[in-house]
Structure formats: C-alpha cells, structure tokens
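Visitor: Mind looking at a prediction? Sequence and model below.
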Amino acid sequence: MAQLYIRKVSLLIGSDTGEGLDLSELHLNFAVWSSTAQTLRHARIRVYNASDETVQRIQNEFTRVVLQAGYDGNFGLIFSGTVGQYSRGRESATDTYLDIVAQDSDEAYNYAVANATLAKGWKPDDYYKSLLQSFSPYGIDQGNKPDFSSSAAPRGKVVYGMARDYMRSFAAATGTRWYLKDGQLHVIPLNGYLPNEAVVLRADTGMIGIPVQTLDGIVVRCLMNSNIVTGGRVQIDNSSITQKRIVNPQTTNVDDYNIPDLSNDGVYVVYSLTHAGDTRGNAWETQMVCFNPSNAPRTATFTNAVIDGQQGTS
C-alpha cells in the first residue's frame, strides 16, 4: 500500500439542476456518521470564513452536498446527501462559519409509503421487491441483497404504511439488517457482509493507536480511508487488540459475559463508522465499531461509538 500523505478534500454544494459551488479551498471541519442499524447516514460540515455573498447564495439556492476526502492515491466519496439545515455564526472576532447538516436518503426514509397486496403463496423475495418499489420514487435502487428463503406463505398479505416500518419487520423475520446509502437499499444477513475485499489495518497501512475490545464491539481508528464502508470488512491482527477483562469473576453483571468475541482470522465487519477531519487541524481519521461476523449481534440495533470532529464520544 502506498504511503498515506498529502491530504485531499473536495466539497461541492449545489442544486438538482447541476449548478453549484466548489468550497474545497476553504477551511473545512466535518464529521460523517453511518451505520447498518437502520439509521440514516448524516454529516455535519462547518465551512469557515466564506463571504456573505457566497453564504447567502448557498442558503438560498443549494440543497445538495457531495464530500470526498482522503489522501493522494486513496481519495474517495464519503458523503452525498440532501441539506437539512444551514446555520451561520461566529467563533471569534475574526472567524465566521456556515454549518451544514445533511442526510443521505432522508426523503425515502421519511416519506416512502408501502402499498401492496401480496397474494397467497408470496415469498420473501416478493415482499422485498414490493418494499423496494415503495422506495423507488425517491431515487432508491437495489443495493446488496442476500438470497432469501424460497418458502411460500400460506395466506395473502396486505402492506400499507411507512415503508421503513415494514422493512424493520421484514429484516427481523429474515434475520437481516437494512439501511439506505448512496441511493441504494442494502440488506445484509446478521452474520453477513458486503462482497468487498477486506481492508487490512496495521500501523503501516494507517491504523492509529491500539484497537480495543469493548461491549459495543471492536473499536479501531485509522487515517481517513474512504474504502472502509459500513457492512464491509476490515482485517486486524488480533494480537494488537486490547481485550476487555471481567473486573470481578464473581460478578452477576450480565454485560461481563456478553463481551464480543474475537474472530479466528482477524476479519471483522464494520457496523458503524465515522469519518472526521479538519483541513487546518489534526483530525483526519476514520473510527469504526466492528464485530466478528460469526458471532454478530442478533439484533439490528446496537450502540454506535462515534467521534464528532476532534472530540470522541461513545
């Protein structure tokens, strides 16, 4: 792998008509959160010291944002979505800012309505296709899709209501988790992952600090890497992971016995991640929460450990 140096960033903000502005040369601070836990990928981007004319034009004309970041030779898309809010302010007597809060696929998540009747003998694939069709008017296409059971239902089914609610029920019934990302509906088995190559994380490939085993999963940080995606895989040397220990062997705290296992081959699935950076500061990293795919959480919701700019929370 090539050495990671020379930071690169591109921030484009525009409208559906194709007009827009390139804000890449301004001072930017950003954090992008995503997970496979049915939550929308979202971003907070702060643009410093843009002119009043530029800020007014952004607020009045533009509704979409595309953010790419990384390093020379490892540079890619980390967020594309719709602006939910602009807010301007001042950090000091000399520094102004414009905050951009944006979400990916929020219209589909918030407004898609499922309206279908499945005849007797319907199969999970038919149910999935009807829900995908509910999202399609909002620009959602098929993403990753596993092979569902071929068993036929003995009775018909009426589907009417918010598509996201039916997707939750469908995921629970099929042992999968789902999420919307980059205009696609992704469905992944609870113990599965996207068919991408695992990103190897070591000190010489950008890993920062020491991975830690926590009740939330394996938390690991690395230099910003757009190739790492939720639902994808990373490979970590298990000997580099600081393992959680039970403080009191006599404890009755059930959490002490629910520590996520390490995988035998060091390959883990990324269930949540944060890309965070500051073009004139130190922050420029990706933080992940990962699980052993052979012992993944048996629910589609779990605690996300994230970082906000330069501050870490969990």
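Guide: In hand now; what should we look at? This structure is a prediction, so every number in the text was calculated from the model and none was measured.
Visitor: Poorly predicted segments of the stretch 151-300 of the chain, please.
Guide: Counting by pLDDT under 70, the stretch 151-300 of the chain has low-confidence residues at 246-258, 296-300.
Visitor: who touches stretch 90-104?
Guide: With CB atoms under 8 Å, 6 or more residues apart in numbering as the test, stretch 90-104 has contacts from 13, 34, 40-50, 55, 58-59, 65, 79-89, 180-182. The C-beta positions use only the backbone N, C-alpha and C, and glycine is treated the same way.
Visitor: In helices only, show me the residues you listed.
Guide: 55, 58-59 (DSSP state H).
Visitor: how near is the most centrally placed residue in the chain to Thr242?
Guide: Central residue of the chain (CA atoms, centre = their mean): Ser34, 1.9 Å from the mean position. Distance of Ser34 to Thr242, given as CB to CB, to the nearest Å: 25 Å.
Visitor: again with Thr279
Guide: As judged by CB to CB, Thr279 and Thr242 stand 31 Å apart.
Visitor: and what of Tyr268?
Guide: For Tyr268, the distance to Thr242 - CB to CB - is 15 Å.
Visitor: These two: who's more crowded?
Guide: Using other CB atoms under 10 Å as the criterion, Tyr268 and Thr242 rank with Tyr268 on top: 30 against 13.
Visitor: Skipping its backbone neighbours, what lies nearest the more buried one in space?
Guide: Excluding the flanking residues, the one nearest Tyr268 by CB to CB, 6 or more residues apart in numbering is Cys290, at 3.6 Å.
Visitor: quick one, what contacts that neighbour?
Guide: For Cys290, the contact set (CB under 8 Å, 6+ apart) comprises 217-220, 234, 236, 268-271.
Visitor: What pairs with the helix or strand hosting it, parallel or antiparallel?
Guide: Taking DSSP states H and E as the definition, Cys290 sits inside strand 284-291. Strand 284-291 sits in its sheet next to strand 217-223 (antiparallel), strand 267-278 (antiparallel), going by DSSP bridges.
Visitor: neighbours of Leu194, just the number please.
Guide: The tally of other residues near Leu194 (other CB under 10 Å) stands at 16.
Visitor: so it touches Gly231, yeah?
Guide: Yes: in this structure, Leu194 is within contact of Gly231 by CB atoms under 8 Å, at 4.4 Å.
Visitor: anything in contact with each of these two?
Guide: 144, 186, 188.
Visitor: got a winner among those residues for most neighbours?
Guide: Most neighbours among the shared contacts of Leu194 and Gly231, by other CB under 10 Å: Ile188, with 25 neighbours.
Visitor: and the gap between it and Val270?
Guide: 11 Å.
Visitor: Leaving out chain neighbours, which residue sits closest to Ile241?
Guide: Looking at Ile241 with CB to CB, 6+ apart, the closest residue is Pro211, at 4.6 Å.
Visitor: For that neighbour, grab phi and psi.
Guide: According to degrees, to the nearest 10, the main-chain angles of Pro211 amount to phi -60, psi 150.
Visitor: now swap in Leu185 and tell me
Guide: phi -100, psi 110.
Visitor: so what's it up against?
Guide: For Leu185, the contacting residues are 131-132, 135, 140-143, 167, 178, by CB under 8 Å, 6+ apart.
Visitor: Okay, and which of these map to helices?
Guide: Among the contacts of Leu185, the residues falling in helices (DSSP H) are 131-132, 135, 167.
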